[in-house]
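Engineer: can't give you the sequence, but here's the structure:
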DNA sequence: GGTAGACCTGGACGC
DNA sequence: GCGTCCAGGTCTACC
């Protein structure tokens, strides 16, 4: 008999739309179940590891979190905080409306929130695992990382805490999690996080300028311009675009751009400039709409199939 | 400031 | 089954 928690989301919140909005919802330990429209994941708390299952009966209605073990008050708070961060429940309807005012294309569907991880550390590591590989490798690295280093649960491992990764040998990440040359960089990132050198409050503080955040992130091992821009959107800073080969494909195929890859990236940057501080969301939902036009709505995707085949060249 | 090449892995391809 | 090539972003050395 486990605990059941309930969270009241913003009035426009729709779980199937807002959870299935960014690729990380497909990465371990996250799992979306299309047949029941349920999100599950194994989550570590100070009191132990639990599997949570999140459902919502309808738009704006309360989210139900079913945990497979009974949680004490402190653990309940940790679960609530993690789920709130992951599902962007702190983004009220009015900030989404502000985005729709700038980019009216998404007003009807209501898109605006982007899925992320329960912790910044997980977002950073997931970003590193998405660099210089195709999607199936990112899927594999995250699954192995949870299996090898996560707290064990019948439903799979949790995402490991920075303290655990910091104690891990780079060779373990390389040999057992297929991290390749990202091994030492990942351990170094974990050490920096564990000792408090990555200050989430400062990074999320609206008073901290974007340029300062970007400069800091690029100073971290394994983080370059693409990864920094991606982590910034995960932090809620949407003014920069993480430009990669996928952006170039989008520029060519959807926007009809021509020229070298470098020129197309500059054109994309300029193309989305009018959306200002909402730039990334306009860019991303355009990409997402393209994927959904090929594969159907994201909340219907089969996770195993998408995990093994989802690459831009196959769309 | 710009650029070439190395870094790893997994998949595609040819033999 | 084996070898080769390629895609992917970051980092370093070099101009």
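Structural biologist: Done, it's in. What you see is a predicted model, and the numbers here were worked out from it, not measured in a lab.

Engineer: which residues touch stretch A:234-244?
Structural biologist: Under the criterion C-beta atoms under 8 Å, 6 or more residues apart in numbering, residues A:91, A:114, A:116-117, A:120, A:123, A:127, A:203-204, A:210, A:213-214, A:225-230, A:232-233, A:247, A:265, A:268-269, A:272, A:276-281, A:283 lie in contact with stretch A:234-244. Where C-beta positions appear, they are placed from N, C-alpha and C, glycine not excepted.

Engineer: Tell me where the stretch 51-200 of chain A has strands.
Structural biologist: Using DSSP state E, counting those that start in this stretch, the strands of the stretch 51-200 of chain A run over A:63-67.

Engineer: returning to that earlier point: could you list which of the contacts of stretch A:234-244 also contact DNA strand C?
Structural biologist: Contacts with DNA strand C within the contacts of stretch A:234-244, as defined by C-beta under 7 Å from any atom of the strand: A:225-228.

Engineer: Got a ChimeraX select line for the buried ones in the contacts of stretch A:234-244?
Structural biologist: Here is the ChimeraX command that selects the buried residues among the contacts of stretch A:234-244 (16 or more other C-beta atoms under 10 Å):
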select /A:91,114,116,117,120,123,127,203,213,214,226,227,228,229,230,232,233,247,265,268,269,272,278,279,280,281,283
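
Engineer: picking that back up, take the ones next to DNA strand C among the contacts of stretch A:234-244 and keep only those in helices.
Structural biologist: A:225-228 (DSSP state H).

Engineer: Run a quick neighbour tally on residue A:289.
Structural biologist: A count of nearby residues for residue A:289, using other C-beta atoms under 10 Å, gives 14.

Engineer: Secondary structure class of it, three-state.
Structural biologist: At residue A:289 the chain is in helix, as set by DSSP: H, G, I helix; E, B strand; the rest coil.

Engineer: Could you check the pLDDT of it?
Structural biologist: As predicted, residue A:289 sits at a pLDDT of 96.

Engineer: quick one: it from DNA strand C, how far?
Structural biologist: 20 Å (C-beta to the nearest atom of the strand, to the nearest Å).

Engineer: cool, and residue A:241?
Structural biologist: 12 Å.

Engineer: Nearest residue to that residue in space, ignoring adjacent ones along the chain?
Structural biologist: Of all residues not flanking residue A:241 in the chain, residue A:283 sits nearest, at 5.5 Å (C-beta to C-beta, 6 or more residues apart in numbering).
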